[in-house]
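K.L.:
With the sequence up front, the predicted model follows.
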Amino acid sequence: MTAESGYYNLAGRFSKRVAEMPGAVALWHEGQEWTYAELSEMSRRVAGWLEREGIEPGSRVGILAGRGITAFSGILGASWAGCTWVPLNPSHPVDRLSNLLERAELDTLIVDDAGASLLPRLNTPQRVLTPVDPPAKPVESPPVPCGGDDLAYLMFTSGTTGVPKGVMITHAAIEHFLVVMQDRYQIGPGDRLSQFFELTFDLSVFDIFMSFGNGAALHVLPESARLGPAAFISGQKLTVWFSVPSAMVLMDRFGQLKPGAFPDLRLSLFCGEPLPAEPVPKWTAAAPDSVVENLYG
């Protein structure tokens, strides 16, 4: 269910791709792959747990997890259930997390192992889905239809200029963004997108839903490769790279922008910081078939 029918749900596009290409790879993380069918089942189990716990559409579901299968299935599952998802980073200081948990007014929380280790030090909602909980039965119904003015997600700013601010994004707003991005970039089956951004950074929404909504594969950049991701880009045969410009600068500094290094790239997108002109010619030589676009503004 998407805007075409007058209703919205970020999981709607994903569910269509599941029906069309269940065996295709949806997610790569730390050497493991999940197909669209496998990711769908895990996401629908999250939606089933929310339903079993009495979490109604429109409720706020916190995702206290790193960039792994728990987070992605949690985001999709919360969306499937018609809920608003709120990403929280378990690597952030406990004091910051406590403040955000209080301000977010969550109805429930989904955690991975890192998030679960923090629970004794946090004031969390009464209902928390942890990795050791028995899996719920996956829902068989389609994603819950939401209105355009309903909240798709709530994301807090970094707080570098003061107290983090909660930014509320409606379904109509994010749907419009995804339509415009797809009209420009034409992501589809066969594309392999990078997942560079932390889930608490709004650019991660592009990574997630441009991939899962259009039949592409999402490849999560390992933390160990963040300072020098050239081998990851070439090894995973990425077709779309999206990062902050400083990633390009570091690759240049480390001598990783060799001519022809990234033959599979067709799109190189940069945002989040000003894009310096100096390393761009080296990048275009490394990715000779790629368009380079600066989305910072």
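P.N.:
Perfect, I can see it now.

K.L.:
How about Pro90: what's its closest non-neighbour residue?
P.N.:
Using Cβ to Cβ, 6 or more residues apart in numbering and skipping residues adjacent in sequence, the residue nearest Pro90 is Ala114, 4.1 Å away. Glycine gets a C-beta too; all of them are placed from N, C-alpha and C.

K.L.:
Please apply the same query to Glu278.
P.N.:
Distance criterion Cβ to Cβ, 6+ apart; nearest residue to Glu278, sequence neighbours excluded, is Asp252 at 7.9 Å.

K.L.:
ok, now Asn9?
P.N.:
In space, Asn9 is closest to Pro143, 4.0 Å off (Cβ to Cβ, 6+ apart).

K.L.:
Quick one: classify the one you found as helix, strand or coil.
P.N.:
Following DSSP: H, G, I helix; E, B strand; the rest coil, we place Pro143 in the coil state.

K.L.:
I figured it hits Ser79, correct?
P.N.:
Yes - taking Cβ atoms under 8 Å as the definition, Pro143 is a contact partner of Ser79 at 6.8 Å.

K.L.:
circling back: residues near the residue nearest to Glu278, how many?
P.N.:
Residues lying near Asp252 (other Cβ atoms under 10 Å) number 17.

K.L.:
what does Arg266 give?
P.N.:
Considering only other Cβ under 10 Å, Arg266 is surrounded by 16 other residues.

K.L.:
can you give me the helices in the stretch 1-150 of the chain?
P.N.:
10-20, 36-52, 69-80, 94-104, 113-118 (DSSP state H, counting those that start in this stretch).

K.L.:
all strands for the stretch 151-297 of the chain, in order.
P.N.:
Assigned by DSSP state E, counting those that start in this stretch, the stretch 151-297 of the chain shows strands spanning 151-156, 166-170, 192-195, 217-220, 240-243, 267-270, 291-294.
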